[in-house]
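A.B. asks: Could you look at this predicted model? Sequence included:
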There are 2 protein chains.
Amino acid sequence: MTKIGIRYTKPRKLIFKALNHFSKPVSAAEINFYLKNKIDLTSIYRTLELMKKINIIEETEFGDGKKRYELMKNNKHHHHLVCENCGDVENIEMKEDNLLDKVKNKSSFLIKEHKLEFFGLCPNCQ
Amino acid sequence: MTKIGIRYTKPRKLIFKALNHFSKPVSAAEINFYLKNKIDLTSIYRTLELMKKINIIEETEFGDGKKRYELMKNNKHHHHLVCENCGDVENIEMKEDNLLDKVKNKSSFLIKEHKLEFFGLCPNCQ
DNA sequence: TATATTATTGCAAATGATTTGCAATATGTC
DNA sequence: GACATATTGCAAATCATTTGCAATAATATA
């Protein structure tokens, strides 16, 4: 009997490399462009889906109808500042335990994750 | 010379009524369904666009690829708890000045707005 | 009140992101 | 290296949203 498992293939390596290259959330199309079309968009989508499932990337949405993905470096979750003018993104980390505790007290939901994004103007665009 | 202006038409009244009926963010399709197809989807999209522009509704995304809209009651902005199982949504308000101040200090972005959403399981689905 | 002027609507078709089916290919195991 | 299975690329489908345009509705003015 042959073992089954997830394979670390050439396309997946490239997509991982691409994600690693960016330090901000990127769309499937951006990865595709960065990889010069070497990998089919479909495979990029499927790989991202997989990476999301095994929890090595995080998905974000900035409101323009495309999903963006980002490697979850050292398992630390962070938030984003998005420039409404040029689209530039800055990462931001913060202690948010207080906030989370507050919400957990207020609500009877069992909270698993949260998303916090800020929108405004980057230094260049102000 | 004829004056120009925004018209408060029948379709717009209905869409407003629909938004008012829901106490959570709803998609264009949900509004359309609620209004029993009386108003064309296109017009719903255009009206939502307009309402967003004149700042009477807020747009949210819960990560399933649809935009949702919600009336901005008494100008108070709030956040959401989304059940990952049944899709139910609970509104939540909180004092977040501390948080905002912190971010403003940490970053050189000029922050205009932010979105904060929580995901987990509602009481029924736990 | 009728008419003129401009805004808005509905329909059909276009677009853009993402997904699905499937045969061809690459991987890892024995 | 041969085999079993996972993965890929391509074409086509799907889903949300947008656009063009001629028909219609709303409002100001005669």
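C.D. replies: Cool, got the structure.

A.B. asks: Tell me which residues of the helix or strand hosting residue A:52 come out buried.
C.D. replies: Per DSSP states H and E, residue A:52 falls inside helix A:41-53. Neighbour counts over helix A:41-53 (16 or more other C-beta atoms under 10 Å in any protein chain shown) mark A:43, A:44, A:47, A:48, A:51 as buried. Yep, even glycine has a C-beta here, placed from its N, CA and C like the rest.

A.B. asks: any chance of those in CSV, with distance to residue A:72 and pLDDT too?
C.D. replies: Converted to CSV, the buried residues of helix A:41-53 look like this (distance: C-beta to C-beta, whole Å; pLDDT from 0 to 100):
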residue, distance to residue A:72, pLDDT
A:43, 21, 98
A:44, 18, 98
A:47, 15, 98
A:48, 13, 98
A:51, 9, 97
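
A.B. asks: Between these, which sits nearest chain B?
C.D. replies: Using C-beta to the nearest C-beta, residue A:48 comes nearest to chain B of these, at 13.4 Å.

A.B. asks: Skipping its backbone neighbours, what lies nearest the closest one in space?
C.D. replies: Of all residues not flanking residue A:48 in the chain, residue A:69 sits nearest, at 5.3 Å (C-beta to C-beta, 6 or more residues apart in numbering or on different chains).

A.B. asks: tell me the phi and psi of that neighbour?
C.D. replies: phi -130, psi 150 (degrees, to the nearest 10).

A.B. asks: Next one: it, what pLDDT does it get?
C.D. replies: What the model reports for residue A:69 is a pLDDT of 97.

A.B. asks: Quick one: low-confidence residue ranges for chain A.
C.D. replies: Along chain A, segments meeting pLDDT under 70 span A:1-4.

A.B. asks: need the residues of chain A near DNA strand C, please.
C.D. replies: A:1-3, A:5, A:7-10, A:27-29, A:41-42, A:45-46, A:49, A:65-67 (C-beta under 7 Å from any atom of the strand).

A.B. asks: now with 6 Å?
C.D. replies: Residues of chain A lying close to DNA strand C by C-beta under 6 Å from any atom of the strand are A:2-3, A:7-10, A:27-29, A:41-42, A:45, A:65-67.

A.B. asks: Give me the buried entries from these.
C.D. replies: For those, buried by 16+ other C-beta under 10 Å: A:27, A:28, A:67.

A.B. asks: what's the closest non-adjacent residue to the second one?
C.D. replies: The shortest distance from residue A:28 to any non-neighbouring residue, by C-beta to C-beta, 6+ apart, is to residue A:44 (4.8 Å).

A.B. asks: Next up, the contacts around that neighbour.
C.D. replies: With contact taken as C-beta atoms under 8 Å, 6 or more residues apart in numbering or on different chains, residue A:44 is in contact with A:15, A:28, A:31, A:32, A:35.
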